[in-house]
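**Q** I'd like to go over a predicted model; first the sequence, then the structure.
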Amino acid sequence: AQSVTQPDIHITVSEGASLELRCNYSYGATPYLFWYVQSPGQGLQLLLKYFSGDTLVQGIKGFEAEFKRSQSSFNLRKPSVHWSDAAEYFCAVGGHRGSTLGRLYFGRGTQLTVWP
Amino acid sequence: GAVVSQHPSWVICKSGTSVKIECRSLDFQATTMFWYRQFPKQSLMLMATSNEGSKATYEQGVEKDKFLINHASLTLSTLTVTSAHPEDSSFYICSARDLSGRAGTDTQYFGPGTRLTVL
């Protein structure tokens, strides 16, 4: 069955520090993978996505993520965090076959706090 | 980029009334839209899949008679919460599936959400 695990509920980093948010997935085929960010009271904004090809994908706002098939992971990274990055981050796997086609399966989210 | 709007952004209603929430894809056509519900500090829970021109597909445990979904055009889906009660208070988010290729392959774009409060 398809599922997404974000092991860290809450992460706190200092502004300017590097960031890595963890995401592990379970899916029966090569997955479509996404990272979304949600600010309080807002919808979700797509940061980046992976469908195929280069396993290191670049997104908006200086974020990148690396797909590692052997580890079933798709961790999100940013070399230097800004205070405006404080938000909730969701990893998702997208179904692309059968009954899962077009559906997104979300992790529970990681809340990022940035100290000045 | 692909933009999805929702209206209203927030609504307060009395118990027993019905509330309609609109979800529009502004610059692409969406044959499929999704409706999610999000409780505070939690992830999104998929409620139903809305398909243009056909009946919505509801997730297990979601009352189809309470949450009416209509997808009358390629850019508009509506969610009507019928006979709303305080336990229906939540943040409702829609997404639209973009298959146009302009935005890459299958990607969902999300609306800004609607905060429903039932008194």
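**A** Looks like it arrived, so ask away.
**Q** only C-alpha atoms for contact and neighbour calcs from this point on.
**A** OK.
**Q** who's in contact with the host helix or strand of B:A72?
**A** With secondary structure defined by DSSP states H and E, B:A72 is part of strand B:67-73. Residues external to strand B:67-73 that are found in contact with it (CA atoms under 8 Å, 6 or more residues apart in numbering or on different chains): B:50-56, B:77-82.
**Q** Return the set of buried residues in that strand.
**A** Buried positions in strand B:67-73, judged by neighbour count with 16 or more other CA atoms under 10 Å in any protein chain shown: B:F67, B:L68, B:I69, B:N70, B:H71.
**Q** same deal with stretch A:9-20?
**A** Neighbour-count burial for stretch A:9-20, counted by 16+ other CA under 10 Å, picks out A:V13, A:E15, A:L19.
**Q** same thing with stretch A:71-89?
**A** Counting neighbours by 16+ other CA under 10 Å, the buried set in stretch A:71-89 is A:72-78, A:81-82, A:85-89.
**Q** avg pLDDT for it?
**A** Stretch A:71-89 shows an average pLDDT of 97 in the prediction.
**Q** May I have the distance across that stretch, first residue to last?
**A** The stretch stretch A:71-89 measures 20 Å between its terminal residues, going by CA to CA, to the nearest Å.
**Q** where does chain A dip in pLDDT?
**A** A:97-100 (pLDDT under 70).
**Q** show me the contacts for the residue in it that chain B sits nearest to.
**A** Proximity of chain A to chain B (CA to the nearest CA) peaks at A:G43, 3.8 Å away. Residues touching A:G43, when contacts are defined by CA under 8 Å, 6+ apart, comprise B:I93, B:F110, B:G111, B:P112, B:G113.
**Q** my read is B:S77 is in a helix, agree?
**A** No. Inclusion of B:S77 in a helix is not indicated when DSSP: H, G, I helix; E, B strand; the rest coil is applied; the result is strand.
**Q** And it, how far from A:L104?
**A** The spacing between B:S77 and A:L104, counted by CA to CA, is 18 Å.
**Q** which of these two has more neighbours?
**A** Under the neighbour definition other CA atoms under 10 Å in any protein chain shown, B:S77 and A:L104 were set side by side, and B:S77 has more, 28 against 23.
**Q** Can you give me the distance of the nearest residue to the more buried one once chain neighbours are set aside to A:G41?
**A** Closest residue to B:S77 in three dimensions, ignoring its sequence neighbours and counting by CA to CA, 6 or more residues apart in numbering or on different chains: B:H71, at 4.2 Å. Here the criterion is CA to CA. By it, B:H71 lies 25 Å from A:G41.
**Q** Tell me how many other residues crowd residue 49.
**A** Since you didn't name a chain, this refers to chain A. As a burial measure, A:K49 scores 25 neighbours (other CA under 10 Å).
**Q** that's the wrong chain, I wanted chain B
**A** Residues lying near B:T49 (other CA under 10 Å) number 23.
**Q** host element of it?
**A** strand B:44-51.
**Q** So which bits of chain A are right by chain B?
**A** Proximity of chain A to chain B is confined to A:41-46, A:51, A:90, A:102, A:106-109 under the rule CA under 8 Å from any CA of the partner chain.
**Q** can you tell me which of those residues are in strands?
**A** With strands identified by DSSP state E, the entries of the residues of chain A next to chain B that belong to them are A:L44, A:Q45, A:L46, A:F90, A:F106.
**Q** Most neighbours of all these, which one?
**A** Using other CA under 10 Å as the contact criterion, the top neighbour count among these goes to A:F90, which has 28 neighbours.
**Q** correct me, but that one touches A:Q111?
**A** No. In this structure, A:F90 is not within contact of A:Q111 by CA atoms under 8 Å, at 9.0 Å.
**Q** Within range of chain A, give me the residues from chain B.
**A** Counting by CA under 8 Å from any CA, the residues of chain B close to chain A are B:Q42, B:S43, B:L44, B:I93, B:R97, B:T105, B:D106, B:Y109, B:F110, B:G111, B:P112, B:G113.
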